[in-house]
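Colleague: Predicted structure and sequence below. I'll ask about it afterward.
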Amino acid sequence: AQQYTVAVEAVDPDGDPLTYEWEVRPRAASMAEFHGAPIEAIPGRFGNPRAARTTFRLPEKPGIYRVFVHVYDNHI
């Protein structure tokens, strides 16, 4: 599967260390699905899902996907 590099820049105003959580989810097929139960993330797509910069593999099934990154400081 083809790989891409994804990266995010984030800063904490207090200088706290940051952790990252990358995920990929299929796009909702309809507004009803979008407003319903959360669409589960597809596991195992990122080389290092805890880094600010990582590699990303596309899912094997054709479709439209969204990539998300959540950034946390140590005050979760």
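Modeller: On my side now, so go ahead.

Colleague: Okay, strands next: where are they in the chain?
Modeller: Assigned by DSSP state E, the strands in the chain fall at 3-7, 19-26, 53-57, 65-72.

Colleague: Any chance of those strands in CSV with mean neighbour count and distance to Gly44 as columns?
Modeller: Every C-beta, even on glycine, is put in place using the N, C-alpha and C of the backbone. Formatted as CSV, the strands of the chain follow (neighbours: other C-beta atoms under 10 Å; distance: least, C-beta to C-beta, whole Å):
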stretch, mean neighbour count, distance to Gly44
strand 3-7, 11, 13
strand 19-26, 17, 10
strand 53-57, 15, 8
strand 65-72, 13, 14
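
Colleague: Poorly predicted segments of the protein, please.
Modeller: Within the chain, the stretches with pLDDT under 70 are 1, 30-37, 76.

Colleague: how much space between Arg53 and Val69?
Modeller: Using C-beta to C-beta, to the nearest Å, one gets 10 Å for the distance from Arg53 to Val69.

Colleague: cool, and Pro13?
Modeller: Per C-beta to C-beta, Pro13 is found 19 Å from Val69.

Colleague: Next: Asp12.
Modeller: Per C-beta to C-beta, Asp12 is found 15 Å from Val69.

Colleague: what does Tyr4 give?
Modeller: Relative to Val69, and taking C-beta to C-beta, Tyr4 is found at 14 Å.

Colleague: Then Gly15?
Modeller: 20 Å.

Colleague: The residue of the chain most remote from its centre: what's it in contact with?
Modeller: Centroid-distance maximum for the chain: Asp14 at 24.3 Å, with C-alpha atoms, centre = their mean. Counting by C-beta atoms under 8 Å, 6 or more residues apart in numbering, Asp14 touches Asp73.

Colleague: With Ala41 as the reference, measure out to Asp16.
Modeller: 25 Å.

Colleague: can you check Leu18 too?
Modeller: Applying C-beta to C-beta, the value for Leu18 to Ala41 is 20 Å.

Colleague: Same question for Arg57.
Modeller: Distance of Arg57 to Ala41, computed by C-beta to C-beta: 14 Å.

Colleague: partner residues bridging Phe68?
Modeller: Phe68 has these beta-bridge partners by DSSP bridges: Glu23.
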